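J.: here are the coordinates; sequence isn't available:
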């Protein structure tokens, strides 16, 4: 396994979404009759149940209170970032307006400035309560260093799920400057389930699952607004990352009897990408840029990562994705665009029908082929005319 | 066989037209002396005989009655779609004119609206009769759900061939909402041959052939106007798809003594692509966008797929291919363009001469090489100047 | 050997110039002290000796009498095409002027018309005599069907070398319409050496060498103005083609004691490509577009293939390469451009110095690596600014 | 090992920076607590110690006296080219101004002219003294043919390090025209350490190390302004080159007990590239174009190679990289750009933290994956909008 990249050194070959394709089945199923529900385990309690296997990313151009409520009503789950503008500003819409208006040469320093404003703990509680008031699930996130403090506040305020998220998460983090998060203790100390990410490896995923988490986010650097792969050279393309983490999940399930879902996070802007992530073994997906296009998204068609405002080494950029329709349209159609960025749920069910998968668990067994030409074969006109698969 | 794409999971490597090339032979033949005829078996009756191994796709920008008649006179066969505008409208040219005139941002919703008009069964019969009145073969198509009803009407009206076509066709389709087509019974119940598609797999092709079909269409998603590969992530590039289905055909032939032709459908816009499809093992090709360029095509240089008007999840787009010459020129030359899109038959015979194949069956044995650089080596000027192989 | 491209079918992986690189040696040599001479065997007579291993293609935008004389004086050899404008027109410059002036949409039909003019046998003799009058070697070419007749005239007029050239040449050509060239008899019947091409295979090259030829041209479809690879799907990239034919040459040498040089023809526009061809095992190269840039070239910066004027199925296009300097500059520098298209001889000697090859025969043993990133690693600025390796 | 590129001939597959990625670790470390120091051995004396593992290239648009002093104060080391404008002109800023002002069609001939001015030995000494006067290390370079003479002058003037640099350096260079540099004798005859380059091979690197050098520069042709790979076809992509040379270093260390660092030189414009070079086994990197962007760089945002002014066969070009910030910002941030070209040191420490490497030696053991999609997966918007990883 692996190819020689030079004397005495081998490297595995890894794959991204654009390099694979899903193979139609020998049996097909009416798309209306497939089951795409998703659940997050909650120990002895009833799992947290979602109608669709799609989460919205904890990014400031995507999720605010209003968006989280809308997403919940449609069967999905949006994660609100506790370290973004929503908890730094009483009225975040004003600074969001500045980001929207900034030109590309000044947006990085503007973001750096906006995120210097301190986080207000009262706003953490308030945002959770505002989401809960609408009746759905409330999910919030922070980085590991803030998790102990913020999770306690959020749980107290009624949150249903806590997400601990950083570029690369591990169980073993070495620092003498600060206290590392003790993940097992953290999970044990909370009453609500914990999802942690991001990761890309088999061994790390196993270690994380052994700490009692309720889910793992898969993906380092694939996000549409992320530049970690360029700035740090770090990452593993999402197909291989998902397959590896799915193997860890299955291994942990065999060892422990606990099925801990994995959620592929980042790199999926079209229905086909979402289908590929699930077929690679994911239980659900977390999507950012595709939802930044929703009328309900606070970024008004702008999208940026949480590492973008980093004071010293920004690892993201602000992209303009435009506003193309309602969140409902993006999730369930009817699609008015021809590029696959609307009706993500319809894409999942149609694809499942065509490969003959009656459930996400069956979908995870889809035959995959390596197919570098899958996006280009026959598509010259679409590319040249910027329509369909050539849409930019 | 296959490469590791991650832990515990392998995938085959698959190939598209642009990644292979055909190897010149050790013997060459005068191109004027090769046999390119094609026939569709009709059980105990004489096979349906065609002078050239090229079919025109059942797409509304390509085939109407006039085009079908012209194609038949030139030795080919055009398939008329019974679910397109020709059977929804007394005078389809009017709505075709609207599609031609629509700009790219509104064409999807216009198509969705146009295809809401119900299909008229009297028009099914009339279109078949109009084609037959000219003396050639009449071939028509529908999706599986409509096949029982429409095939009966078409056969009654004198059709010579019925094509059952959907994105992915299988023998085993599961649905409780509606009655699936029973393929073997369907074929047995008709007096005219049935071609079914599309498919890409060895096992599925074998199962389909065992139902008594007269041909199989190969290809999921390669079409110039199709976006299934982006929207659903689904498909297998045409080289591998054709080789796999050809293997199934040969296996079925060995088992049953019946030779059921396969027809590669989609992804071929130039003579070279057509040659590659045949060399990969196909008995004939079905072409869409190349014929949408004909003066006789009803789309006036516009081309769109049958999945484009889908109400909820369109999986196609409208592309503009332009009108470049007569159908006769596209098939037999003289080519006035330098990009290989005219004189498709001349390309087949010249290539057969150069690889030393006296018949399509011999052509199917051509040595193939994997050659990713085949379209670019030495071609910088053509690319930059948009001439020859760089034509857009 | 080979990869599976589908069920029951394998294909070799083949390589083009842009996919490989040459590895610096453990020994290096002063470039001024390497030997790059080339010779064409002439049976028992002294071989035809050239100072440099570079031939100019028999193409009408490249070689006329004046160019052939200039090339000879610089140590190279230019081949005059006996089926081009030089033998159809008393004064070819007039029609060449029309080609230069034509726009890209009308140039194909103009060329088709110009080449309808019949070939005058008196002009064949006259062109040979004009070249010989300057004191150098005269080399001329025709297609196989005309070779018997034209070679006799050319030899009579004093030609030193006859080239038989077609898209794909084999010893065994099957036709009932016309008489195929009997290659062994043809070679035996002439007093001057015969070079034949083009070919790309080991077996075919062996068969051709056994007929007594003095050289073989390697390459199907790589030419800058050629579109055979798109129109017919035919060809093998030049790296693999050259390596295969070099193996045949070595095998024939072992069997017969005769060393028959191979000449890689097409696909080389820069010094680096020429170096790669020689390092792959070629004894010399034949170059077209690089010389079409010379002030001496009759095409005035325009370049087209001999298959472009084909009446029914043109397999070439007219490209504009511009006039960049004198032939001497292109061959020996000083280079005034930064893209490697000038001082081809300097590139060969410098590269030989760096890999430590003292002769072409040693150069043929250079270590090669597969290096898809060789043209792009670190070159973003050159690409974006269209300078150096990004020059178009 | 190796793939067949044709009959009887194999070639290794080699990799460049854009084709690989670094895998996050199972352990992570606080980036503030990693050690990135670098040292150049000086025999029995104390090694030359640098705070950061980054050298600035001996190129005229990058390093002059002022830049060298600034670089030294920041913990790095800049190499001054003794054959550039600094030693040919009393006041080099005037000719540098001409280069900056020249348009792209005339810059090559201007450079050829500027570098015809003879080198003044008094200026060699003076430049070294000027750098030393500021208190840091002085490093200077020449080609092998000038090394004996120039190194003596430089050492006499107080230089701390001498770099012998040419396109391809070997221990065994054959020439009858001139005397080759005897490397072992040269190193033994100097009191200051010698770094030699460039090279790309395992065997050559071993031979060079056995001559007593203090470091080896790795890389043939990757530089942003270099065109050797196009002009000569020569080179090995940097990932494989670095891995191979690192293996030679480790082998030499085992044999001799001497650890001779290797320095990857060229092809790294972003932090991610630098991280990859170190993870491939390099001890430090030499960077040109990234520093040409500094306010302190004499080229004012212009960059060209030392082979560009070659009188007969220029193998480089002048590129415009723009001035984007101070040298301090490029090395240590805060980054104001989002493309990874600023805060190179922050990128190294952050990446080391994420892969769990506490030192450069541990960083060299990072797991690498082959990941052709690493720069494109999910990045369509960045590419289209020319932001972040799509910045040009």
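T.: Received the coordinates, thanks. It should be emphasised that the depicted structure is a prediction, and the values quoted were computed from it without experimental measurement.
J.: ok, now which ones touch the most centrally placed residue in chain A?
T.: Centroid-nearest residue in chain A: residue A:286, 2.6 Å away (criterion: C-alpha atoms, centre = their mean). Residue A:286 is in contact with A:54-57, A:79, A:217, A:263-266, counting by C-beta atoms under 8 Å, 6 or more residues apart in numbering or on different chains. For glycine as for every other residue, the C-beta is placed from the backbone atoms N, C-alpha and C.
J.: next one: residue A:38
T.: Applying C-beta under 8 Å, 6+ apart, the residues near residue A:38 are A:49-50, A:52-53, A:261, A:283-284, A:360.
J.: Next: residue A:63.
T.: Contacts of residue A:63 (C-beta under 8 Å, 6+ apart): A:56-57, A:71, A:78-81, A:291, A:297-298.
J.: Identify the bridge partners of the single nearest residue of chain A relative to chain D.
T.: For chain A, the residue closest to chain D is residue A:6, as judged by C-beta to the nearest C-beta, at 2.6 Å. Beta-bridge pairing of residue A:6 under DSSP bridges involves residue A:9.
J.: my guess is it meets residue D:237, correct?
T.: No: Residue A:6 is beyond contact range of residue D:237, at 9.9 Å (criterion: C-beta atoms under 8 Å).
J.: who touches both of those two?
T.: Counting by C-beta under 8 Å, 6+ apart, the shared contacts of residue A:6 and residue D:237 are D:14-15.
J.: where are the low-confidence patches of the stretch 1-150 of chain A?
T.: Regions of the stretch 1-150 of chain A meeting the criterion pLDDT under 70 cover residues A:1.
J.: Output the contacts of residue A:286 in a markdown table; the columns should cover secondary structure.
T.: Below are the contacts of residue A:286 laid out as a markdown table (DSSP: H, G, I helix; E, B strand; the rest coil):
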| residue | secondary structure |
| --- | --- |
| A:54 | strand |
| A:55 | strand |
| A:56 | strand |
| A:57 | coil |
| A:79 | strand |
| A:217 | strand |
| A:263 | strand |
| A:264 | strand |
| A:265 | strand |
| A:266 | coil |
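J.: With the flanking residues excluded, which residue is spatially nearest to residue A:68?
T.: Spatial nearest neighbour of residue A:68, excluding adjacent residues (C-beta to C-beta, 6 or more residues apart in numbering or on different chains): residue A:78 at 4.2 Å.
J.: any idea which element that neighbour lies in?
T.: Assigned by DSSP states H and E, residue A:78 belongs to strand A:77-81.
J.: Quick one: distance of the lengthiest helix in chain A to the chain centre.
T.: Secondary structure of chain A read by DSSP state H shows that its longest helix is helix A:238-256. Between the centre of helix A:238-256 and the centre of its chain there are 17 Å (C-alpha atoms, centre = their mean, to the nearest Å).
J.: now do stretch A:314-321
T.: 16 Å.
J.: what's next to it, contact-wise?
T.: Stretch A:314-321 is contacted from outside by A:99, A:102, A:104, A:107-108, A:111-112, A:167, A:223-228, A:231-232, A:289, A:292-293, A:301-308, D:335, D:338, D:381-382, D:385, D:387-389, using C-beta under 8 Å, 6+ apart.
J.: Please list all residues in contact with the residue of chain A closest to chain D.
T.: So residue A:6 contacts D:14-15, D:239-244, D:246-247, D:280 (C-beta under 8 Å, 6+ apart).
J.: and the closest residue to residue A:47 other than its chain neighbours, backbone torsions?
T.: Nearest residue to residue A:47, sequence neighbours excluded (C-beta to C-beta, 6+ apart): residue A:39, at 3.9 Å. Main-chain torsions, residue A:39, degrees, to the nearest 10: phi -140, psi 150.
J.: gap between residue A:39 and residue A:239?
T.: Separation of residue A:39 from residue A:239 (C-beta to C-beta, to the nearest Å) stands at 24 Å.
J.: Which of the two has more residues huddled nearby?
T.: residue A:239 (30 against 17; other C-beta atoms under 10 Å in any protein chain shown).
J.: Contact partners for that one?
T.: Counted by C-beta under 8 Å, 6+ apart, residue A:239 has contacts A:14-17, A:19-20, A:276, A:280, A:368, B:5-6.
J.: Name the nearest of the residues you listed relative to residue C:119.
T.: Checking the contacts of residue A:239 against residue C:119 with C-beta to C-beta, the nearest one is residue A:19 at 52.3 Å.
J.: Quick check: that closest one touching residue A:372?
T.: Yes: contact criterion C-beta under 8 Å: residue A:19 and residue A:372 qualify, at 5.5 Å.
J.: between the two, who's got more neighbours?
T.: Taking other C-beta under 10 Å, residue A:19 and residue A:372 do not tie; residue A:19 has more neighbours (27 against 22).
J.: quick one, what contacts the more buried one?
T.: Contacts of residue A:19 by C-beta under 8 Å, 6+ apart are A:237, A:239, A:370-372, A:374, D:372-373.
J.: quick one on the thing from earlier: just the buried subset of the contacts of residue A:239, written out for ChimeraX, thanks.
T.: Buried residues within these, by 16 or more other C-beta atoms under 10 Å in any protein chain shown, are selected in ChimeraX with:
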select /A:14,15,16,17,19,20,276,280,368 /B:5,6
